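Novice: Build me a structure from this.
(one chain, ligands or ions: 2)
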Amino acid sequence: AKTTVNERTENIPIYECQRETPLQHHNEHITHALEILAKEADFRNDDINYSRALAFRRAACVFKCLPSRVEGVQEIQSLHNIGSHVKRIVEDILDNGYSSEAEKTENNDWFKTMMTFTGVFGVGPAIADKWYRLGLRTIEDLKIEQTLPNKDERISTGLTFHDDLTLPVLRSEAEALADLIRCELDTIDPQYQLVVTGGFRRGKDCGHDVDILLTHPVEGKEKGILEDLLHRLDRQGRLIYGKREQSTWNDGVLQGENIKGQYLKSTLDHFEKWIGIMKLDKKCRQCCLNYGLNSNEKQQELLHSSLDMKKVSHLRPDTMSHMDPKNNSTKRKCPSSSSEDRGTNDRTWYARRVDLIVTPTSQFYYALVGWTGSKHFNRSLRLYAQKELHMKLTSHALYDTTKKHLIPANSEQEVFKNLHLRYLEPVERNC
Ligand code: DGT
Ligand code: MG
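Specialist: Ligands and ions are numbered 1, 2, ... in the order given. Got it, this is the predicted structure:
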């Protein structure tokens, strides 16, 4: 007999970090609407809307881990984190094929403009809203405005390379970039280690940036690596823009921060890092037939889907370091697309957003979990650690607030074990 979604999902655990959330799921028709509404609440940028955004995201996460497509509202009666508002939205989608509320939001002038403006490197909701109120609506408006408030060097660079930076970074580009950096590290000291984290590690095939974690097996030897590496990359003419932040970590940091305070909301950490824009050869851009990226139309769709780049990601895999691009027979060159050459015909490279994060080896596995994400998965881990274990988790460490000591980890599995959680592969952390 056919079991209902309800019967199969009664035991869905409360915390997202206790569930497997795959990249591809069965309820895109529902999560897409909820994520638009979450985004809209994010843009409103205050405490009430922070909670609203969270409620939409938590509901979306439940739908992402369901074993099949929801066909009737009765199927979701007993699920966690589905409030009356979300039920109304789901009902609307099931009755009409779409959510009128999400559609209205998507067509709203303010929302559309906020999406455009926050897509510029260096621009958050507060600045985007300020520009909207000045009557600005398009990237062109921003480029020609002589006295654009809050415009700094970062935003100027973001505007200059906006076309490049809204062209999703493909897995092949992340691999090429990692190879390039690994090559430099090897000449300095082959013991340096590098991992591509972020969405690529969770199996996405494209993203908005490349997140790279650097470490050295001897504690302390990681210091200075960033300066050396950046110097070498600069000499090769690879760097367009970047801001280097010094490490602000000390043993007091963890104990000092208010456990009920901002840290659940914030993704900020204390690692030495470089947040910047690099040049990457156009030829590194290879997409896969399998991923439906072979038509111009699909590429256009991808270009404009800044809200949810992972939609085109159908693949699995884990750490890039285990992937050999040469052996991957599904790879091929993308067909040339006018969109890919928007104003870049005269050059051989694209500007790509890159984050380089340096971690001491003793903090590496907590950093790896933190920088693999997803953001919502991290939030769930931290909330769970705090509420259920009276522990404080960050990208640096796990701190037992009762016993007042740090709990070390020598693998990602150990991070989960220390948290008394079943281990989840990176590809299962897509909530
Ligand atoms: P993407 O790049 O659009 O494909 O999506 P993600 O999932 O790679 O997101 P991204 O690049 O913003 O961040 C990667 C992960 O690293 C994400 O799960 C949260 C984490 N993260 C980002 N920025 C920070 C930060 O400043 N501090 C800490 N601790 N974590 C961060
Ligand atoms: Mg990323």
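Novice: In this structure residue 149 contacts residue 136, no?
Specialist: No - under the criterion of Cβ atoms under 8 Å, residue 149 is not in contact with residue 136, lying 10.1 Å apart. C-beta: built from backbone N, CA, C; applies to glycine.
Novice: Who has more neighbours out of the two?
Specialist: Per other Cβ atoms under 10 Å, whichever of residue 149 and residue 136 has more neighbours is residue 136, with 19 against 9.
Novice: Flag every residue of this protein that's near ligand 1.
Specialist: 198-199, 204, 207-209, 211, 267-269, 309, 370-371, 373-375, 378, 395 (Cβ under 6 Å from any ligand atom).
Novice: Put the buried members of the residues you listed into a ChimeraX selection.
Specialist: Typed into ChimeraX, the next command selects the buried ones out of these (criterion: 16 or more other Cβ atoms under 10 Å):
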select :198,199,204,207,208,209,211,269,309,370,371,373,374,378,395
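Novice: Smallest distance to ligand 1 belongs to which residue of the stretch 201-350 of the chain?
Specialist: With distances taken as Cβ to the nearest ligand atom, the stretch 201-350 of the chain approaches ligand 1 most closely at residue 207, which sits 2.4 Å away.
Novice: Which residues does that residue form beta bridges with?
Specialist: Residues found in beta-bridge contact with residue 207 (criterion: DSSP bridges) are residue 169.
Novice: so it makes contact with residue 196?
Specialist: No - here residue 207 lies out of contact with residue 196, judged by Cβ under 8 Å, at a distance of 10.0 Å.
Novice: which residue sits closest to residue 137, ignoring its sequence neighbours?
Specialist: residue 113 (5.4 Å; Cβ to Cβ, 6 or more residues apart in numbering).
Novice: Check which residues of the host helix or strand of that neighbour are buried.
Specialist: Assigned by DSSP states H and E, residue 113 belongs to helix 109-118. The neighbour-count check on helix 109-118 (16+ other Cβ under 10 Å) flags 110-111, 113-118 as buried.
Novice: what does that helix rub up against?
Specialist: Contact partners of helix 109-118, identified using Cβ atoms under 8 Å, 6 or more residues apart in numbering, comprise 39-40, 43, 105-106, 123-125, 127-129, 131-132, 136-139, 142, 306-307.
Novice: From ligand 2, how far out is the closest residue to residue 138 other than its chain neighbours?
Specialist: If the residues on either side of it in the chain are set aside, residue 138 comes closest to residue 116, at 6.8 Å by Cβ to Cβ, 6+ apart. As for residue 116, its distance to ligand 2 is 20 Å (criterion: Cβ to the ion, to the nearest Å).
Novice: try residue 237
Specialist: From residue 237 over to ligand 2 the distance is 24 Å, taken as Cβ to the ion.
Novice: same deal with residue 61?
Specialist: Taking Cβ to the ion as the measure, residue 61 falls 19 Å from ligand 2.
Novice: List the residues that contact that residue.
Specialist: Residue 61 makes contact with 16, 19, 21, 81, 376, 431, according to Cβ under 8 Å, 6+ apart.
Novice: returning to that earlier point: distance-wise, check the residue nearest to residue 137 relative to residue 357.
Specialist: In this structure, residue 113 and residue 357 are separated by 32 Å, where distance is defined by Cβ to Cβ, to the nearest Å.
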